[in-house]
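Trainee: A structural model of the following input is requested.
(one chain, ligands or ions: 1)
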Amino acid sequence: MEAHETPALYGVLGYPASHSLSPAMHQAAFDHLGIRAGYHIFEVRPDELNAFLTDASARGISGFNVTIPYKEQIISLLDYVSPDARLVGAVNTVKVRSGRLEGFSTDGQGFIADLAARGVDPVKKKICVIGAGGASRSVCFSLAQSAPRELAVFNRDIRKAAHLVDHLREHFPSIAFRQADSVDALDIPGADILINATSVGMKSDDPQLVEERFFHEGLFVYDLVYAPARTKFLETAEGKGCRTANGLGMLLFQGMFSFEIWTGHKPPKEIMEAALNRAIAKA
Ligand code: ATR
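Mentor: Numbers count the residues shown, from 1 in each chain. Predicted structure coming up:
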């Protein structure tokens, strides 16, 4: 590397994006591996999005994460979109390669990797998912690829759950999907894995999503929310003897997959995890 070589430029594109934990995680990984790179927050207003994308390569940007509100709308603005990202309808990682913008989705992969790291295998399991937004879509499509016995989805807006289930059936005709019209209809007592893929629990006055009576020992409970680290949902589950996990592991693994797409380097897991933990403790 030449002494004056300009550092590579990475970041997270969003609006607002100031609360992201990604800068801490990725900067720690670059520094640890001795990669001259900076990871910044690209807070871009909707009316500036096109200009940002057009100028990204000329500005020397090598890659970026995509967060709220651009994960879906960016798809039509990229030069290439991976089959996974197209399936889910969302991009969270863009790599700039020879001036072309290439989009990928690492959220679902990150979720599955975190389950695996916890020794949880979705194969032949009965799984209940609450939520039908972007996060739920990523989780459901990656779970569908893991051959569960049944995947049941409940969402406050029932039409959104029905739409997601239809879409899943279309792409995975051999998997049993079910749309539940209530939490009760999910049949959590008969399930192996329960996932909160809504934003409920982020605020202290949020409602209790699932009544205590539904939790049972042997149920693995995952909350995609990671701030607070222990939501009412997880607290109640733990109280009933369930194994639980929050969404920090998914955040870590999706970041690791993004890092590998950008740099081709094996991401330093412990370094990124420690940086995430430090950043969240400060948040
Ligand atoms: P994300 O990208 O985090 O998935 P999203 O696409 O806006 O964000 O989806 C938010 C999810 O949280 C949705 O499933 C939403 O339910 P609706 O589709 O009915 O809006 C769910 N959600 C948010 N607030 C909720 C609440 N108070 N009660 C139940 N579900 C809620």
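Trainee: for the residue in the stretch 51-200 of the chain positioned nearest to the ligand, grab the count of nearby residues.
Mentor: Nearest to the ligand in the stretch 51-200 of the chain, going by Cβ to the nearest ligand atom, is residue 133, at a distance of 1.9 Å. Heads up, the C-betas are built off the backbone N, CA and C, glycines and all. When counting by other Cβ atoms under 10 Å, one arrives at 14 neighbours for residue 133.
Trainee: that one and residue 198 touch, don't they?
Mentor: Yes: counting by Cβ atoms under 8 Å, residue 133 does reach residue 198; the two are 7.1 Å apart.
Trainee: which residues in this structure form helices?
Mentor: 22-33, 49-55, 83-88, 107-117, 134-144, 158-171, 232-239, 248-263, 269-282 (DSSP state H).
Trainee: need those in a markdown table (columns: mean neighbour count and mean pLDDT).
Mentor: Output for the helices of the chain, formatted as a markdown table (neighbours: other Cβ atoms under 10 Å; pLDDT from 0 to 100):
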| stretch | mean neighbour count | mean pLDDT |
| --- | --- | --- |
| helix 22-33 | 20 | 98 |
| helix 49-55 | 14 | 98 |
| helix 83-88 | 19 | 96 |
| helix 107-117 | 22 | 98 |
| helix 134-144 | 24 | 97 |
| helix 158-171 | 16 | 98 |
| helix 232-239 | 18 | 98 |
| helix 248-263 | 23 | 98 |
| helix 269-282 | 16 | 96 |
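Trainee: got JSON lines for these, with distance to residue 127 too?
Mentor: Formatted as JSON lines, those follow (distance: least, Cβ to Cβ, whole Å):
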{"stretch": "helix 22-33", "distance to residue 127": "28"}
{"stretch": "helix 49-55", "distance to residue 127": "35"}
{"stretch": "helix 83-88", "distance to residue 127": "17"}
{"stretch": "helix 107-117", "distance to residue 127": "10"}
{"stretch": "helix 134-144", "distance to residue 127": "6"}
{"stretch": "helix 158-171", "distance to residue 127": "12"}
{"stretch": "helix 232-239", "distance to residue 127": "15"}
{"stretch": "helix 248-263", "distance to residue 127": "15"}
{"stretch": "helix 269-282", "distance to residue 127": "26"}
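Trainee: OK, contacts around the spatially closest residue to residue 202 that is not a sequence neighbour?
Mentor: Leaving aside its sequence neighbours, residue 202 sits nearest to residue 225 (Cβ to Cβ, 6 or more residues apart in numbering; 5.5 Å). Shown in contact with residue 225 (Cβ atoms under 8 Å, 6 or more residues apart in numbering): 196, 199, 200, 201, 202, 231, 233, 246, 247.
Trainee: check those one by one and keep those near the ligand.
Mentor: Residues of those in contact with the ligand (Cβ under 6 Å from any ligand atom): 199, 200.
Trainee: just the buried residues from the contacts of residue 225, in PyMOL please.
Mentor: Selecting only the buried entries of the contacts of residue 225 in PyMOL, with 16 or more other Cβ atoms under 10 Å as the criterion:
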select buried, resi 196+200+201+231+233+246+247
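Trainee: just the contacts of residue 225: which are in strands?
Mentor: 196, 246 (DSSP state E).
Trainee: in JSON lines: the contacts of residue 225, plus distance to residue 180.
Mentor: Formatted as JSON lines, the contacts of residue 225 follow (distance: Cβ to Cβ, whole Å):
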{"residue": "196", "distance to residue 180": "14"}
{"residue": "199", "distance to residue 180": "19"}
{"residue": "200", "distance to residue 180": "16"}
{"residue": "201", "distance to residue 180": "19"}
{"residue": "202", "distance to residue 180": "23"}
{"residue": "231", "distance to residue 180": "21"}
{"residue": "233", "distance to residue 180": "17"}
{"residue": "246", "distance to residue 180": "23"}
{"residue": "247", "distance to residue 180": "22"}
